[in-house]
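Trainee: Any chance you can model this:
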Amino acid sequence: MNKKTAVVLFGGRSSEHVVSCMSVINVINHIDREKYDLILIGITEEGRWVKTESIEEIETGAWREGSVSAILSPDSTMGGVILMDGAKTEVVKVDVVFPVLHGLFGEDGTVQGLLELAGIPYVGCGVLASAVSMDKLYTKIIVDRLSVKQADYVPVMRRDLEDMGTVVKKVEEKFSYPVFVKPSNAGSSKGVSRAGSRKELEEALKEAANHDRKILVEEMIVGREIECAVLGGGKAAIEASGVGEILAAAEFYDFDAKYYNSESKTVVNPELPGGAAEKVREAAKAIFQAVDGFGLARVDFFVKEDGTVVFNEINTMPGFTAISMYPMLWEAAGITKDQLVDRLMAHAMDRS
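Mentor: Numbers count the residues shown, from 1 in each chain. Below you'll find the model as predicted:
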């Protein structure tokens with residue numbers, strides 16, 4: 001069997017740089033080396049693309065000091081990467097790319113657009129699905145067209161904050177406190193705040209504006225935090241896993257609670273009221289299809305005491321760390337991490 005050449009991208013310029021480095025180790029460990037020769041390329045926080053040789057260099061962070069620069073060429077006649085080590089230059093043909101990149105400049109359609117220009121198959125959602133799903137406001141606009149309940153919201157632009165009184169009045173006329181304030185285009189709960197008063201709302205709006213020019217103010221939903229993994233798209237049927245529950249150690253499941261607080265827990269296939277688990281699964285597939293999803297996504301919901309399901313957000317390159325829900329849910333469904341990674345890579349090369 002002829003091996004294929006696979007590039008695994010990690011790191012990135014977003015605030016989720018470290019999480020990507022945590023995720024990629026799991027991905028690399030579960031790629032079949034009898035099928036694929038790997039080229040590991042990290043993207044530093046400054047935006048430099050560097051080839052690295054080993055997982056150990058990723059674990060220690062030594063990869064950032066690598067001497068071999070990498071350029072993913074948009075030239076579709078080249079179909080590969082240019083590796084430069086001093087005066088030495090090598091062009092390597094690439095069969096598939098696994099972009100283990102979270103957040104901006106990786107999960108938002110930018111790298112996907114580059115790969116489309118290059119004509120190289122890649123794991124995960126395309127340009128449209130990646131961009132729309134990364135932007136919470138536009139995700140909401142799409143989900144508004146589905147028969148899926150979601151938190152009510154007030155959109156705010158950064159420029160609107162020049163007249164803070166008008167913005168606050170608009171929010172207070174629609175919602176009671178507390179409310180949640182989120183930058184529209186940021187990942188892993190960066191810049192998200194809970195505001196329980198007018199003063200806290202003003203502070204939260206300013207904080208969100210540090211992360212994006214579009215801001216959402218949402219009603220507070222009291223419910224259990226539930227996640228569902230989706231796989232497929234294109235010619236492949238869309239499959240939804242069972243559901244998982246987040247038991248956050250913090251007041252809400254923010255960045256630190258997700259990745260650095262050992263008291264945050266996940267429960268696979270919890271008991272939910274009113275047939276909510278199946279409602280979550282059906283809604284996850286419908287949302288994935290509506291945004292033109294491909295490959296994989298994790299879709300997040302709240303489930304109220306009466307079994308009402310409320311959509312929260314969709315992540316098109318979910319975490320793949322040792323504690324991440326996406327691979328955990330598929331393992332519970334009988335798909336090992338080896339099988340999951342293999343399916344994703346095979347699916348990428350059959351993109352249509």
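
Trainee: can you give me the helices in the stretch 51-200 of the chain?
Mentor: 55-60, 110-118, 127-134, 136-143, 164-174, 198-209 (DSSP state H, counting those that start in this stretch).

Trainee: And the strands in the stretch 251-352 of the chain?
Mentor: Applying DSSP state E, counting those that start in this stretch to the stretch 251-352 of the chain gives strands spanning 265-268, 295-303, 309-315.

Trainee: Distance to residue 125, mean neighbour count and mean pLDDT for the ones you listed - can I get that in a markdown table?
Mentor: Quick note: C-beta positions are derived from backbone N, CA and C, even for glycine. Shown next, in a markdown table, are those (distance: least, C-beta to C-beta, whole Å; neighbours: other C-beta atoms under 10 Å; pLDDT from 0 to 100):
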| stretch | distance to residue 125 | mean neighbour count | mean pLDDT |
| --- | --- | --- | --- |
| strand 265-268 | 23 | 15 | 89 |
| strand 295-303 | 6 | 25 | 98 |
| strand 309-315 | 9 | 22 | 96 |
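
Trainee: circling back to that earlier point, for the helices of the stretch 51-200 of the chain, which one sits closest to residue 75?
Mentor: Residue 75 sits nearest to helix 110-118 of all the helices of the stretch 51-200 of the chain, at 7.1 Å, using C-beta to C-beta.

Trainee: how about the closest one: buried residues?
Mentor: Of all the residues in helix 110-118, those buried under the rule 16 or more other C-beta atoms under 10 Å are 110-112, 114-115, 118.

Trainee: ok, so what distance separates the most far-flung residue of the chain relative to its centre from residue 265?
Mentor: What lies farthest from the middle of the chain is residue 87; by C-alpha atoms, centre = their mean that is 37.1 Å. For residue 87, the distance to residue 265 (C-beta to C-beta, to the nearest Å) stands at 53 Å.

Trainee: a markdown table for the buried residues of helix 110-118, including pLDDT and distance to residue 39?
Mentor: Listed next are the buried residues of helix 110-118 as a markdown table, based on pLDDT from 0 to 100; distance: C-beta to C-beta, whole Å:
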| residue | pLDDT | distance to residue 39 |
| --- | --- | --- |
| 110 | 97 | 20 |
| 111 | 98 | 15 |
| 112 | 98 | 18 |
| 114 | 97 | 16 |
| 115 | 97 | 14 |
| 118 | 97 | 14 |
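
Trainee: List just the nearest of those to residue 280.
Mentor: Using C-beta to C-beta, the buried residues of helix 110-118 come closest to residue 280 at residue 112, 26.7 Å.

Trainee: In this structure residue 177 contacts residue 197, no?
Mentor: Yes: here residue 177 reaches residue 197: they are 6.1 Å apart, a contact under C-beta atoms under 8 Å.

Trainee: Between the two, tell me which one has more neighbours.
Mentor: Ranked by neighbour count (other C-beta atoms under 10 Å), residue 177 and residue 197 place residue 177 first, with 14 against 10.

Trainee: The helix or strand residue 243 falls within to strand 295-303, inter-axis angle?
Mentor: In this structure, residue 243 is located in strand 236-247 according to DSSP states H and E. Going by axes from the mean of the first three to the mean of the last three C-alpha atoms, to 10 degrees, strand 236-247 is angled at 40 degrees with respect to strand 295-303.

Trainee: Partner strands of strand 236-247, with direction?
Mentor: Here strand 236-247 has these sheet partners by DSSP bridges: strand 224-233 (antiparallel), strand 265-268 (antiparallel).

Trainee: among those, which is nearest residue 161?
Mentor: Nearest of the strands paired with strand 236-247 to residue 161, taken as C-beta to C-beta: strand 224-233 at 29.0 Å.

Trainee: What residues of that closest one count as buried?
Mentor: Here strand 224-233 shows 224-233 as buried, counting by 16+ other C-beta under 10 Å.

Trainee: With distance to residue 128 and pLDDT as new columns, can those residues be given to me in TSV?
Mentor: TSV is the format used below for the buried residues of strand 224-233 (distance: C-beta to C-beta, whole Å; pLDDT from 0 to 100):
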residue	distance to residue 128	pLDDT
224	31	95
225	27	95
226	26	97
227	23	97
228	21	98
229	21	98
230	16	98
231	19	98
232	17	97
233	12	96
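
Trainee: Nearest to residue 282 among those residues?
Mentor: Closest to residue 282 out of the buried residues of strand 224-233 is residue 228 (9.6 Å), distances taken as C-beta to C-beta.

Trainee: Tell me if I'm right that the closest one and residue 280 touch.
Mentor: Yes: counting by C-beta under 8 Å, residue 228 does reach residue 280; the two are 5.2 Å apart.

Trainee: and for the two, which residues touch both?
Mentor: 243, 299, 301 (C-beta atoms under 8 Å, 6 or more residues apart in numbering).

Trainee: Looking at the residues you listed, spot the one nearest residue 49.
Mentor: Of the shared contacts of residue 228 and residue 280, the one sitting nearest to residue 49 (C-beta to C-beta) turns out to be residue 299, at 30.7 Å.

Trainee: Distance across stretch 321-341, terminal residue to terminal residue?
Mentor: End-to-end span of stretch 321-341 (C-alpha to C-alpha, to the nearest Å): 13 Å.

Trainee: What residues sit buried inside stretch 127-146?
Mentor: Result for stretch 127-146 [16+ other C-beta under 10 Å]: buried residues 127, 129-140, 143.
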